[in-house]
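>>> the following block contains a protein sequence and its predicted model.
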Amino acid sequence: MEITEQDIKDLEERLAQAIKSRDLSKLNQFLHDDFLFIAPNGLTITKEMELSSHRSGTMIVEDLEVTFKDISIMDDCAVVMSVYQTKGRFMDMPIEGTFKYIRTWKKTLEGLKVISGSCVRLET
């Protein structure tokens, strides 16, 4: 099965919904076991760290609106650049702003999974 831009847009929307609803089962499905993410503060986040932050309530996302900027498909991978309007809390501190994300989705035996990502806060 070939990866399409629409596949990736749909997955990104479902991922955002799983983040907002703290759906650990869905997040576990979307994130590859070797997932790595660079947070805006430079911290490297693993899959377990990501799941733990949602499980414990350390990370609460109230609103997450996506605008897709670019999707590049290369063989069994897709790289997505998007901008999110985000509102939530991390460790009881408010988070609100515009963030630019890059994520890499890879086709695996279990389907498409996020293997890496990074985000930066955009100045408005």
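All right, it came through fine.
>>> buried ones in stretch 88-102?
The neighbour-count check on stretch 88-102 (16 or more other Cβ atoms under 10 Å) flags 88, 95, 99-102 as buried. Any C-beta I mention is one placed from the backbone N, CA and C, and that applies to glycine too.
>>> contacts for it?
40, 53, 58-64, 69, 79-87, 117-122, 124 (Cβ atoms under 8 Å, 6 or more residues apart in numbering).
>>> all strands for the chain, in order.
Here the chain has its strands, by DSSP state E, at 31-38, 44-46, 59-74, 77-90, 93-108, 111-122.
>>> closest one to residue 7 among those?
Taking Cβ to Cβ, strand 111-122 is the member of the strands of the chain nearest to residue 7, at 6.9 Å.
>>> centre of the chain to that closest one, how far?
5 Å (Cα atoms, centre = their mean, to the nearest Å).
>>> any buried residues in it, and which?
112-119.
>>> can you check stretch 65-73 too?
Buried residues in stretch 65-73, counted by 16+ other Cβ under 10 Å: 66, 71, 73.
>>> just give me the closest of the buried residues of stretch 88-102 to residue 47.
residue 101 (16.5 Å).
>>> pLDDT averaged over stretch 1-21 - what is it?
Mean per-residue pLDDT for stretch 1-21: 94.
>>> give the buried residues for that stretch.
Buried residues in stretch 1-21, counted by 16+ other Cβ under 10 Å: 3, 7-8, 11-12, 15-16, 18-19.
>>> let's see which of the residues you listed end up in helices.
Judged by DSSP state H, these include 7-8, 11-12, 15-16, 18-19 as members of helices.
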